[in-house]
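> Here you go, sequence then predicted model.
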Amino acid sequence: MTDTPSLHAHLEEQALRVREHIIRMSSDGGCFIGASLSCADLLVYLYNRILRITPDSIRDAERDYLFLSKGHDVPALYGTLVEKGYFPAERLSSHLSVTDRIYWHPNATIPGIEFHSGSLGHLLSVAAGVALDIKLRGGSNRVFVILGDGELNEGSVWESALTIAAKSLDNLFVVIDRNEFQANIETERLIPLEPLEEKWRAFGWTVYTTNGHRFEEMDPTFQRVLQDRGPTVVIASTVRGKGLPSIERRADRWFANFSHEERDQLLHELHGFTPATLISEPLLVR
Amino acid sequence: MAMTYEDMLVDLVRKDDRVMILTAENRAAIRTIPERIGERFIDVGIAEQTMVGIAAGLALRGRIPIVHALATFLTMRAFEFIRTDVGIRQLPVKLIGAVPGFLSEANGPTHQALEDLGLLRGIPSMRVFCPADLDDLVMSMPSIVRDPHPWYVRFPVGQGIQDHEPFVIGRAEVYGEGSDVAILTYGFLLREAQEAAARLRGQGYGVRVIHLRTIKPLDYEIVLHCAKECRRLVVVEDHFRTGGLTSAVSELLTECAVAVPMMSLSFRERWFQPGRLREVLENEGFSGRRIADRIAGELHGSDQWIEMPAADVRNVVPIL
């Protein structure tokens, strides 16, 4: 793969459109906007540069798998799948409607979504099962799992990490969306995770770090990751609410249900114009 | 204006130094609590099993932990810790499950607690309370904290909607005296059931609504009384048919050898289609209007609600 500036510009344009989709889902019931914006670039990167999967190969036994374990950021995945042609953008306008299945957490009836999630700490073990079978059958597919950093509170993540290392599942790759927030509070102020790299190393994993928003940094990192003998974890530094200065790093803008006017202001802000004036009461749904 | 849930918790903590509040980062309904009660508040992070284990340990030392977390993760992720550490030792841990049943709205099946009552009701010594609204919860919590049993409480929504009778463990609230239909329900669906009752009365039917606040212990006298006096019992619940109020009432009627036509508006073999609350209620047939229509259909002898188990399974459209 080449690291051309024009390629990265293409990814940036796509990520901008994904963010537009996310913002459109943040009214009329709302969505987990902060968490979605933090992992939008990671998903755009993986779907464009790493994952060997297309809308035509979503049932192919040889495909790569992506499991979104921190399911509440699914608007970023919906947006990415739309941009990659898995389903039409019009479907996103039925977000939260009982007439469709585009809601606050992922489900496998949506083309391209492998498994439902929303209860944290489940999909690393499910992914381990898939990776184990791939190895048993001598397959070359790779399995990627996106974990949230708050999700690392769940004991099941660490049980799976032990088991995956014990079984030497070198076809499984974890990407941590390290936006430094739990639902309501900074991770380091509630249940400190640092030193996070050392924790994973102590569990027998190879650890990489990258900026989770800069494609030119993700490229060399993931090329090294893919050549590694796993299990491998990439800790991607990200910013909750990335792209919208008025909600970036805000503990109270994890979930949001904005008025139409606020939503339109945020779309404007995304393109570098005046920051939105947000008057909606901040919501916490967890 | 009645006391808010948070003020009530602070009041309990201040009046009784045994009371502590725990959560697994589910702070939406207890946002002001950390700063108001300091060390008596513990947030373990997103770790429900550890939270319940810690609650058991605190209770061993004489504390009364009030554990506030999302209903699905509290009752299902940590179920074995509740059953084994709280249940077997019969520790006075008070479990508050947030966004149960329909209140999970657009979250999807991962967040739909439709089996919580069945799971918790089955634990020896565990008691179960499903308040209709926040006023109902706030007025009842002091009794629940005083009671030596472990409790599971479904956290409701809404305040200032209606008055409630003083809370007595095992006693239901009764609305109306009609004898064509007794609607047995709990939780926020009480309001929909009351609207349904009003519509049915408008059509000339005699309807009473029974709010079975504590599913366990069940107000068996009221249920048996309704079974004797009314032509039909209708259970309305946002729970699977297995394990919840439908089961509890069926168990009682069977044990007492009482035969009465019974209709259950509940979920069988599927989760509900996620969406905004009002749309979900309408879509699933649990709005006051839809409940009234479904009951009227039954009273007219229509078979629209009668689903044989096999047919029901065959016709399932999987959400997942």
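Right, received. Where do you want to start? Residues are numbered from 1 along each chain as shown, chains lettered A, B, ... in the order given.

> When you work out contacts or count neighbours from here on, use the C-alpha atoms and nothing else.
Will do.

> center of the chain - which residue?
Since no chain was named, I'll use chain A. In chain A, the C-alpha nearest the mean C-alpha coordinate belongs to residue A:39, at 4.2 Å (Cα atoms, centre = their mean).

> actually chain B
residue B:130 (3.5 Å).

> Would you list the phi and psi of that one?
Backbone torsions of residue B:130, given as degrees, to the nearest 10, read phi -120, psi 90.

> dump the residue contacts of it.
B:153, B:154, B:155, B:156, B:186, B:187, B:212, B:213, B:214, B:215 (Cα atoms under 8 Å, 6 or more residues apart in numbering or on different chains).

> just the residues you listed now: which is nearest residue B:237?
residue B:186 (6.8 Å; Cα to Cα).

> pretty sure that closest one contacts residue B:133?
No - in this structure, residue B:186 is not within contact of residue B:133 by Cα atoms under 8 Å, at 10.0 Å.

> what sits against the residue nearest to residue A:177 when sequence neighbours are not counted?
Closest residue to residue A:177 apart from its sequence neighbours, by Cα to Cα, 6 or more residues apart in numbering or on different chains: residue A:148 at 5.1 Å. By Cα under 8 Å, 6+ apart, residue A:148 lies in contact with A:69, A:70, A:176, A:177, A:178.

> Pull up the per-residue confidence for residue A:148.
Note on residue A:148: pLDDT of 97.

> Restricting to C-alpha, output stretch A:30-37 in PDB.
The C-alpha trace of stretch A:30-37 is given here as PDB (Å, rounded to 0.1, in the frame of the first residue of the first chain):
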ATOM      1  CA  GLY A  30     -30.300  11.200  19.700                       C
ATOM      2  CA  CYS A  31     -27.200   8.900  19.800                       C
ATOM      3  CA  PHE A  32     -23.900   8.400  21.600                       C
ATOM      4  CA  ILE A  33     -22.300  11.100  19.700                       C
ATOM      5  CA  GLY A  34     -19.100  11.600  21.800                       C
ATOM      6  CA  ALA A  35     -18.100   7.900  21.600                       C
ATOM      7  CA  SER A  36     -19.000   7.700  17.900                       C
ATOM      8  CA  LEU A  37     -16.900  10.700  16.900                       C
END
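
> Tell me what residue B:23 is bridged to.
On the basis of DSSP bridges, residue B:23 is bridged to residue B:43, residue B:68.

> Could you tell me how many residues sit around residue 240?
Went with chain A since none was named. 25 (other Cα atoms under 10 Å in any protein chain shown).

> could you do chain B instead?
Residue B:240 has 24 neighbours, counted by other Cα under 10 Å.

> swap in residue A:63?
Residue A:63 is flanked by 18 other residues according to other Cα under 10 Å.

> did I read that right, it in a strand?
No - under DSSP: H, G, I helix; E, B strand; the rest coil, residue A:63 falls outside any strand and is assigned coil.

> Report pLDDT for residue 24.
Chain wasn't specified; assuming chain A. 98.

> meant chain B, my bad for not saying
So residue B:24 comes in at 96 (pLDDT).

> residue contacts, residue B:50?
Contact analysis of residue B:50 by Cα under 8 Å, 6+ apart lists residue B:44.

> Is it in a helix, a strand, or coil?
helix.

> residue ranges of the helices in chain A, please?
For chain A, applying DSSP state H gives helices covering A:5-24, A:33-45, A:74-83, A:123-136, A:155-166, A:187-190, A:196-202, A:215-227, A:260-270.
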